[in-house]
Structures are given as C-alpha cells and as structure tokens.
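Student: coords please:
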Amino acid sequence: MSFVLDWLPGLPVTLALALFAWAIATARANAGLVDIFWSLFFLGAAGAYAGNADVIDGRAVLVLALVALWSLRLAGYLAARNWGAPEDHRYRAIRARNEPGFAWKSLYLVFGLQAVLAWIISAPLAAAILSGRPAGLLDAAGAVLVVFGLGFEAVADAQLARFKADPRNAGRVMDRGLWRHTRHPNYFGEFCVWWGFWLVAAGAGAWWTVFSPLLMSVLLLRVSGVALLEKDIGQRRPEYANYVLRTNAFFPGPRRGI
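Tutor: Residues are numbered from 1 along each chain as shown. The predicted structure follows:
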C-alpha cells in the first residue's frame, strides 16, 4: 500500500499533460499529435516521484537523467516529423470509427487512455526514484541497456529520416542500416529502454514491477506497435511483402536470403 501511495502522484500529472495535449491536438484537428506527448507523460511522472522523494540519491539522479534524455529526444524527433504533417492513418481510422463527436471522445479514447497506460508503465521509475537503497550491479546493467536502447532507436530514426528526405525513395521500403536487420528497430529500442528501467527498479528491490516492461512489450508487439503498423502497410507499399520475407519483425538478426 505504501508504494501505491508513492506511485499515485504520477497519475494526475500524466492526466494533466494529456488534457493539455488534447487541447492542442483538437485545435489542430490532429489526434496523432498525442505521439509527441507520449514520452513526456513519463518525464512528468518521474518529476512527480522525485518531488515526493525524501532524498534524491544517485539512483534517482540516474533514472531522472535517463528518462529526460529518452523523453526529450523522442518527443523532439516526433515533433519535428509530425507537427505540420497530416493526421496519421491510424488516428484517421479511429476518428472514422468514432464520429460524430470524435473531438470530445478522443479525450478519453486516445489521450486519457495513453496517460493512464503511461502512468502504469512508469511504476519502475517510481520504485527506483523513491527506493533509497544503495545502487549495485543491476542498476549498472539497467542503465547500460537503457542507453543501448535509446541509441538504437535514435540511430534508426535518423536513418529513416534521411531515407525519407530523398525524393527518390518516395513509396519505397526502408531496408538499410538497422532496418536491414529488423523491420522495427525503433520499437526494439523502446523494448530495451523499458527492460533497462525495470532492471534498475529490480536493483532497488522492486522486481515485481516487471508488469511494466511486459505491458510495454505487449503494446509494442501486439497492440499499437508492430501489429497495428503492419496491418495494412502491404497495401500501401507493395515492396513490403518481400521485405517481410527477408527481415526479422522485431529482434535484430541476419537478413534471410530469399
């Protein structure tokens, strides 16, 4: 019960940020802008946990620094990519299914839901920031995994941005660099980031927060990540079927000679 009380302050922060994001997205008629705020929900929650900590120790500083680095990098990248772009096809489909009144419905269907999910997934951050236990090998291993995942997705995003910036690649499938070894290197990077944060929390004794990276893994693989993105991409990009045959979906591996 004591942890739940320590964890709860993150929820009103993520909900407040979601309300702010909803107001902006509604004014711009683009619910897809929620993607920009997704990582910021975690930064806000981490700040709330730190604000309630009796002492900000080395583990707390480490977690806050890593969350800030991950969150601001991802939010900045998505803002640069999506701010003036049309609404993503995934959110257009959600809009079509929920008209009339989607502008109001999106407050809970899109923004509120993501705020609550972010709060649930932030449990290892709360445990690590508020623990007060000495740091050890698990903390070091977790930090290394977070940095690896952050770097992996940052490189993948940069490679994709360069690919899309070349007009000659319009309509083509990105299959170079990290994208040669996994169809979703950015999602794999996210996977590593959250298992890394869990290792830090486990080092603080909160091994039971494993539900957080498990939930994130399910979202990445089965819900809003790989499964949703690939649901109709073959219709939009005919080359993708061949790409699927040659390239692992998620975990990086050697290209298949098909």
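Student: can you give me the helices in this structure?
Tutor: Taking DSSP state H to define them, one finds helices in the chain at 2-7, 10-27, 34-51, 58-82, 89-97, 102-106, 113-121, 123-130, 137-165, 185-203, 211-218, 226-229, 233-236, 240-246.
Student: Could you name the helices and strands sitting against the first one?
Tutor: Helices and strands touching helix 2-7, by 3 or more CB pairs under 8 Å, 6 or more residues apart in numbering; DSSP states H and E, are helix 123-130. All C-beta atoms are positioned from the backbone trio N, CA, C, and that covers glycine.
Student: Check which helices and strands the helix it packs on is in contact with.
Tutor: helix 2-7, helix 34-51, helix 58-82, helix 185-203, helix 211-218.
Student: Next, the angle from it to helix 211-218.
Tutor: Counting by axes from the mean of the first three to the mean of the last three CA atoms, to 10 degrees, helix 123-130 lies at 150 degrees to helix 211-218.
Student: quick one: helix 123-130 to chain centroid distance?
Tutor: Mean-position distance between helix 123-130 and its chain equals 17 Å (CA atoms, centre = their mean, to the nearest Å).
Student: ok, residues contacting it?
Tutor: Identification of contacts with helix 123-130 by CB atoms under 8 Å, 6 or more residues apart in numbering yields 3, 6-7, 10, 42, 45-46, 49-50, 52-53, 56, 59-60, 63-64, 67, 194, 197-198, 200-201, 203-206, 209, 211-213.
Student: Just the buried residues of these.
Tutor: Buried by 16 or more other CB atoms under 10 Å: 6-7, 10, 42, 45-46, 49-50, 53, 59-60, 63-64, 67, 194, 197-198, 200-201, 203-204, 206, 209, 212-213, out of the contacts of helix 123-130.
Student: from the helices and strands packed on helix 123-130, which stretch is densest packed?
Tutor: Ranked by mean neighbour count under mean count of other CB atoms under 10 Å, these are led by helix 185-203, which reaches a mean of 24.
Student: could you give the angle of that helix to helix 137-165?
Tutor: Going by the same axes, to 10 degrees, helix 185-203 makes 170 degrees with helix 137-165.
Student: care to break this structure down by domain?
Tutor: Split into domains by automatic domain parsing, the chain comes to 1-52+74-131, 133-258.
Student: picking up where we left off before, quick one: the helices of the chain as CSV, columns for mean pLDDT and distance to residue 254 too.
Tutor: Converted to CSV, those look like this (pLDDT from 0 to 100; distance: least, CB to CB, whole Å):
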stretch, mean pLDDT, distance to residue 254
helix 2-7, 82, 42
helix 10-27, 97, 40
helix 34-51, 97, 31
helix 58-82, 96, 28
helix 89-97, 91, 30
helix 102-106, 95, 42
helix 113-121, 98, 31
helix 123-130, 96, 32
helix 137-165, 96, 17
helix 185-203, 97, 14
helix 211-218, 97, 23
helix 226-229, 77, 19
helix 233-236, 65, 23
helix 240-246, 86, 10
